[in-house]
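Participant: Following is a predicted model, sequence given first.
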Amino acid sequence: MEGIEVVVGRIGKPHGIRGEVTVDVRSDEPEKRFADGARLRTEAPRGSAGVPGHLTVARTRWHQGVLLVAFEEAADRNVAETLRGTVLHVTLRRTCSRSGPPTAAPRWCPSSRPSCPRSTSTGAGSWSPTGPVSWRRCPTRTERAVRLDYLTIFPDYLDALRLSLPGKAVEKGLLELHVHDLRSWTHDRHRTVDDTPYGGGAGMVLKPEPFGEALDELAVDGATVVVPTPAGRRFTQPLARELATRERLVFLCGRYEGIDQRVLDHVATRAELVELSLGDYVLNGGEVAALANTKPASWRGHEVPPVLMSGNHGAISAWRHEQALSRTAERRPDLLPPTAVGPDWTIEPAVPADAGELWTLQRACWVTEAVVNDELRIPALHEELDDVVAGLGEWRTWVVRVAGRLVGSVRARTEVTERGEVWEIGRLMVAPDLRGRGLGRVLLEHAERAAPGSATAYRLVTGAGGEANLRRYKRAGYRVVEVLDGPAGPAVLVKRISAR
């Protein structure tokens with residue numbers, strides 16, 4: 001008989017004053033692994049001291065979908081706090097047999113348990129501390145499990161994810177589900193997660209501190225964070241296919257008047273941020289206020305806009321209205337009347353006679369980029385009219401005119417790389433006085449639709465210091481893959497082209 005140690009859980013925050021702790025369960029048999037009297041080996045986090053080598057379970061209970069465990073070695077909250085981050089192990093007895101999977105498939109694995117070394121007769125074995133094992137086909141490389149994390153104040157609401165098709169996907173090893181109670185990252189006796197908004201108004205806003213601690217502990221860096229909100233992009237089948245290519249999705253589920261805007265701004269610096277709307281109807285989560293902020297005034301370097309703390313309710317109302325129009329025009333211009341968004345834009349191929357106006361628009365737009373990136377060597381600023389004319393022959397270029405005035409442009413062409421053809425998009429420009437009305441998004445989508453069928457990805461370059469531009473491109477599905485050594489960075493962003 002041999003054995004192997006497997007991880008069954010990770011200790012989170014203390015809960016209450018009696019020494020209970022939350023446990024992020026990593027086993028499909030939590031009732032058995034955390035039964036009263038169970039003895040678990042510990043692996044203390046780096047830098048921790050005083051964690052005993054083993055912990056003995058005194059009692060357990062479920063609370064709002066979270067397993068709470070009290071250990072005999074932790075009599076109060078202070079001791080429980082020292083256990084935070086400790087990984088828990090058990091030893092499974094290995095009983096490798098010659099009874100393999102039910103059919104001669106290429107690879108079979110025991111359901112939710114590690115397989116034994118290959119047997120000489122059947123090519124498979126079994127892991128079982130108690131008896132027979134049910135078999136399932138192992139996921140292939142193209143079927144790697146996608147991890148889904150849900151951060152919510154109502155974890156029981158998401159129990160349905162274990163049923164029907166999502167439940168079957170979990171059983172087959174295609175999905176890995178983790179539901180987290182946001183209140184686990186609070187520190188007051190009432191487990192408060194909301195507060196009143198700056199600037200006044202009805203409703204409450206979800207506080208940034210619990211989200212910040214949760215995002216740190218869940219290590220979301222590099223993941224794709226999805227925020228369901230009426231202010232987001234409409235959820236469509238192409239967007240669903242695009243998100244299906246991600247290895248990990250973290251959902252921040254808002255309630256009341258929404259999540260403090262600074263949480264989203266913070267997320268955008270660490271991960272890909274996707275704000276999406278399921279449709280034009282009201283759900284239990286309530287309407288999400290545009291750019292809502294609550295206490296404290298400063299959080300992780302993100303400040304509340306001064307106008308919200310000015311006490312001038314007229315200025316606050318006007319600012320909120322302006323921000324709401326700007327966000328709606330950028331993400332859902334179809335919800336606004338033409339007078340609010342702008343005239344009907346007609347995108348047309350550029351002609352040589354447009355070169356002079358393109359040169360002027362280019363100078364106007366890249367002055368802003370130079371200021372934002374503190375860099376005057378940006379190539380677009382130093383091009384002459386002849387360079388613009390030459391570019392019209394090398395790129396497919398489109399322009400938009402309003403009342404005869406050229407107010408926007410974008411260009412694209414095919415580039416051949418080691419990984420295949422890439423649709424290079426560049427010189428996305430909108431007249432400074434018309435920014436914030438959705439024209440940039442319209443031009444970007446137009447350029448994307450013009451990509452040849454042989455292209456495998458979109459690519460564009462922007463200044464590494466232009467945080468606003470980076471956020472816009474991330475919302476459109478682009479991810480930074482490289483920061484070059486040159487003027488203004490620059491940052492290279494790529495978006496994979498879904499099947500069309």
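Facilitator: Ah, there it is. This is a predicted model, so every value here is computed, not measured.

Participant: In three-state terms, label His178 for me.
Facilitator: Recorded secondary structure, His178: strand (DSSP: H, G, I helix; E, B strand; the rest coil).

Participant: what residues are up against the closest residue to it other than its chain neighbours?
Facilitator: Distances taken as CB to CB, 6 or more residues apart in numbering put Asp149 closest to His178, at 4.8 Å, once the chain neighbours are dropped. C-beta: built from backbone N, CA, C; applies to glycine. Counting by CB atoms under 8 Å, 6 or more residues apart in numbering, Asp149 touches His178, Val179, His180, Leu218, Val220, Ala223, Arg248, Leu249, Val250, Phe251.

Participant: Pretty sure the fifth one sits in a strand.
Facilitator: It stands for Val220. No: assignment of Val220 by three-state DSSP gives coil, placing it outside any strand.

Participant: what's Phe251 in contact with, if anything?
Facilitator: Leu148, Asp149, Tyr150, Leu151, Thr152, Val225, Val226, Val227, Pro228.

Participant: one more time with 10 Å, if that's ok
Facilitator: For Phe251, the contacting residues are 148-152, 158, 179-180, 224-228, 274, by CB atoms under 10 Å, 6 or more residues apart in numbering.

Participant: swap in Arg26?
Facilitator: Val6, Val7, Val8, Gly9, Arg10, Arg33, Val87, Leu88, His89, His178.

Participant: go again using 8 Å as the cut-off
Facilitator: Listed by CB under 8 Å, 6+ apart, the contact set of Arg26 reads Val7, Val8, Gly9, Arg10.

Participant: can you check Ala244 too?
Facilitator: Applying CB under 8 Å, 6+ apart, the residues contacting Ala244 are Val146.

Participant: one more time with 6 Å, if that's ok
Facilitator: Residues in contact with Ala244 (CB atoms under 6 Å, 6 or more residues apart in numbering): none are found.

Participant: Can you tell me how far it is from Leu174?
Facilitator: 11 Å (CB to CB, to the nearest Å).

Participant: And the helices in the protein, which stretches?
Facilitator: Shown for the chain, the helices assigned by DSSP state H span residues 30-33, 77-82, 164-171, 208-218, 237-243, 261-268, 313-331, 338-341, 355-373, 379-382, 385-394, 439-449, 467-475.

Participant: Make a markdown table from those helices and add mean neighbour count to it.
Facilitator: Below are these laid out as a markdown table (neighbours: other CB atoms under 10 Å):
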| stretch | mean neighbour count |
| --- | --- |
| helix 30-33 | 15 |
| helix 77-82 | 16 |
| helix 164-171 | 14 |
| helix 208-218 | 19 |
| helix 237-243 | 13 |
| helix 261-268 | 21 |
| helix 313-331 | 16 |
| helix 338-341 | 12 |
| helix 355-373 | 17 |
| helix 379-382 | 15 |
| helix 385-394 | 14 |
| helix 439-449 | 19 |
| helix 467-475 | 17 |
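
Participant: could those go into CSV alongside mean pLDDT and distance to Arg59?
Facilitator: Below are those laid out as CSV (pLDDT from 0 to 100; distance: least, CB to CB, whole Å):
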stretch, mean pLDDT, distance to Arg59
helix 30-33, 84, 13
helix 77-82, 89, 13
helix 164-171, 81, 28
helix 208-218, 90, 24
helix 237-243, 84, 40
helix 261-268, 88, 35
helix 313-331, 73, 49
helix 338-341, 45, 60
helix 355-373, 87, 57
helix 379-382, 85, 66
helix 385-394, 93, 72
helix 439-449, 90, 55
helix 467-475, 85, 45
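
Participant: Tabulate those helices in TSV, adding columns for distance to Thr22.
Facilitator: Below are the helices of the chain laid out as TSV (distance: least, CB to CB, whole Å):
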stretch	distance to Thr22
helix 30-33	13
helix 77-82	10
helix 164-171	21
helix 208-218	11
helix 237-243	28
helix 261-268	21
helix 313-331	36
helix 338-341	47
helix 355-373	43
helix 379-382	52
helix 385-394	58
helix 439-449	41
helix 467-475	31
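
Participant: Val66 is nearest to which of the ones you listed?
Facilitator: helix 30-33 (11.0 Å; CB to CB).

Participant: which outside residues touch that closest one?
Facilitator: Contacts of helix 30-33 (CB under 6 Å, 6+ apart): Val8, Ser27, Leu67, Val90.

Participant: leaving aside the residues next to it on the chain, what's closest to Gly465?
Facilitator: Asn373 (4.0 Å).

Participant: how close does that neighbour get to Val430?
Facilitator: 18 Å.

Participant: From Ala38, how far off is Leu239?
Facilitator: Counting by CB to CB, the gap from Leu239 to Ala38 is 44 Å.

Participant: for Gly301, same thing?
Facilitator: Per CB to CB, Gly301 is found 44 Å from Ala38.

Participant: Which of the two has more residues huddled nearby?
Facilitator: Ala38 (18 against 9; other CB atoms under 10 Å).

Participant: so what's that one up against?
Facilitator: So, once contact is read as CB under 6 Å, 6+ apart, Ala38 ends up touching Val57.

Participant: Could you report the distance from it to Val179?
Facilitator: Ala38 is 23 Å from Val179, by CB to CB.

Participant: and if you look at Arg39?
Facilitator: 28 Å.

Participant: One more: His313?
Facilitator: 40 Å.

Participant: Ok, Phe235 next?
Facilitator: 20 Å.

Participant: more crowded one of the two?
Facilitator: Legend: neighbour count by other CB under 10 Å for Phe235 and Val179, higher for Val179 (22 against 16).

Participant: Quick check, that one in contact with Tyr150.
Facilitator: Yes: Val179 lies in contact with Tyr150 (CB atoms under 6 Å); the separation is 4.8 Å.

Participant: where do the contact lists of those two overlap?
Facilitator: In contact with both Val179 and Tyr150: Leu158, using CB under 6 Å, 6+ apart.

Participant: Now do stretch 275-291, average pLDDT.
Facilitator: For stretch 275-291, the mean pLDDT works out to 57.

Participant: how about Glu424, what does it touch?
Facilitator: By CB under 6 Å, 6+ apart, the contact list for Glu424 reads Arg413, Glu415, Arg459.

Participant: hmm, 8 Å instead?
Facilitator: Listed by CB under 8 Å, 6+ apart, the contact partners of Glu424 are Ala412, Arg413, Thr414, Glu415, Arg459, Leu460.

Participant: Which pLDDT value belongs to the fourth one?
Facilitator: Looking at Glu415, its pLDDT stands at 92.
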